[in-house]
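**Q** I need the structure of the sequence given here:
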Amino acid sequence: MTAADGQRRVMTVLFCDMKGFTSLSEGMTPQGLVKVMNHYLSTMSGPIRSHQGIIDKYIGDAIMAYWGPPFNEDGDQARLACLAAIDMADRGTALRTELPELLGVRSVPSECDVRIGVATGEVLVGSIGSEFMMSYTVMGDAVNLASRLEGVNKIYGSHALVSEATVKAAADAIEFREVDRLVVVGQTRPVTVFEIIGRKGELSPAQLALLKRYSEGLAAYRACRWDEALQAFKEALEAVPADGPSMTFVKRIDGFKIDPPTDDWDGSWYLDHK
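**A** Model (predicted):
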């Protein structure tokens, strides 16, 4: 079989983007923008390559990568993608201290932050394109979901969101937390969304307290026990101040206390835009 024939395989797909990059780039000279873009893309691509990922393409400041056969074993792909995401998020923090020097400014806006989405599922693999240009790539629901999850980080103030299938395949090596149940644009069934917290066995006491309180808050929230949920999320914020998902739920519950959901509400949050 040739690559052009295409075939279906389970792969893990990652999208990475830098929040605030567009506004940051507006005041740059062309030379400055090229220098910063190259530094950013090199910095973010390093962990993908070191964890055996294949960089599919760069789209502006976004990166698409994937893991799976024949490049990785089926049992390794989700773990490798999540390990890459952890290192990318860490490097994103370091990048914020490096950018001012590159740009010749004192600081960069606080909203400059890395966002990552990871999803595992069946995709179509093959050489896609036209008579003018072909590229070996992956297409399918897992690709779309990874891209959506990258954007969903905006809502929760999180860095790296992943699909349930990714969690199941990588849970022996990675610590996750269930963040929410979402109905994404174009879908009717909810998907459970998780956040990468860190490597297994390497969480701090504060992170462990955060996971416990957040889980309690989520259970109370889904049962419409607003005061109990609010208390749990506030205790989660005491453990890890400025935790984005906890702050999101505190704000959401304040809204639900004024305007409660309907009786048939199943605890899912509907995204009304991409």
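**Q** Can you check which helix is longest in this structure?
**A** helix 77-103 (DSSP state H).
**Q** could you point out which element follows the worst-scoring helix or strand of the chain on mean pLDDT?
**A** Using mean pLDDT, DSSP states H and E, helix 21-25 stands out as the lowest-scoring helix or strand of the chain, at a mean of 71. Next helix or strand after helix 21-25 toward the C-terminus (DSSP states H and E): helix 30-50.
**Q** which other helices and strands contact that following helix?
**A** On a contact count with 3 or more CB pairs under 8 Å, 6 or more residues apart in numbering; DSSP states H and E, helix 30-50 meets strand 7-19, helix 21-25, strand 54-59, strand 62-67, helix 77-103. Every residue, glycine included, has its C-beta placed from N, CA and C.
**Q** Could you pull up the contacting residues of residue 189?
**A** With contacts defined as CB atoms under 8 Å, 6 or more residues apart in numbering, residue 189 is in contact with residue 183.
**Q** Dihedrals phi and psi, it?
**A** phi -90, psi 140 (degrees, to the nearest 10).
**Q** Then residue 172?
**A** phi -80, psi -20.
**Q** separation between the closest residue to it other than its chain neighbours and residue 118?
**A** Spatially, and ignoring its direct neighbours in sequence, residue 172 is nearest to residue 200 (7.0 Å; CB to CB, 6 or more residues apart in numbering). For residue 200, the distance to residue 118 equals 16 Å [CB to CB, to the nearest Å].
**Q** quick one: which of those two has more around it?
**A** The neighbour comparison of residue 200 against residue 118 (other CB atoms under 10 Å) goes to residue 118, with 31 against 14.
**Q** contacting residues for the more buried one?
**A** So residue 118 contacts 12-14, 78, 81-82, 85, 146, 149, 160-163, 166, 196 (CB under 8 Å, 6+ apart).
**Q** from the residues you listed, which is closest to residue 229?
**A** residue 161 (20.7 Å; CB to CB).
**Q** picking up where we left off before, can you check what angle separates the following helix or strand past the longest helix of the chain from strand 7-19?
**A** Later in the chain than helix 77-103, the nearest helix or strand by DSSP H and E is strand 113-129. Here strand 113-129 runs at an angle of 140 degrees relative to strand 7-19 (axes from the mean of the first three to the mean of the last three CA atoms, to 10 degrees).
**Q** and the residue nearest to residue 172, what are its phi and psi?
**A** Residue torsions, per degrees, to the nearest 10, at residue 200 are phi -60, psi 130.
**Q** before we move on, back to that, and the longest helix of the chain, average pLDDT?
**A** Taken as a whole, helix 77-103 has a mean pLDDT of 88.
**Q** still on that earlier bit, alpha carbons only: can I get the least confident helix or strand of the chain in CSV?
**A** Extracted in CSV, the C-alpha atoms of helix 21-25 (Å, rounded to 0.1, in the frame of the first residue of the first chain):
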residue,chain,number,x,y,z
PHE,A,21,0.4,36.5,20.3
THR,A,22,-1.6,38.4,17.7
SER,A,23,-1.8,41.5,19.8
LEU,A,24,1.8,41.1,20.8
SER,A,25,2.9,40.9,17.2
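**Q** Just give me how far that helix sits from the chain centre.
**A** In terms of CA atoms, centre = their mean, to the nearest Å, the centre of helix 21-25 is found 20 Å from the chain centre.
**Q** Tell me how far residue 134 lies from residue 60.
**A** Residue 134 sits 22 Å away from residue 60, going by CB to CB.
**Q** residues near the residue nearest to residue 114 when sequence neighbours are not counted, how many?
**A** Using CB to CB, 6+ apart and skipping residues adjacent in sequence, the residue nearest residue 114 is residue 92, 3.0 Å away. By other CB under 10 Å, the residues close to residue 92 number 22.
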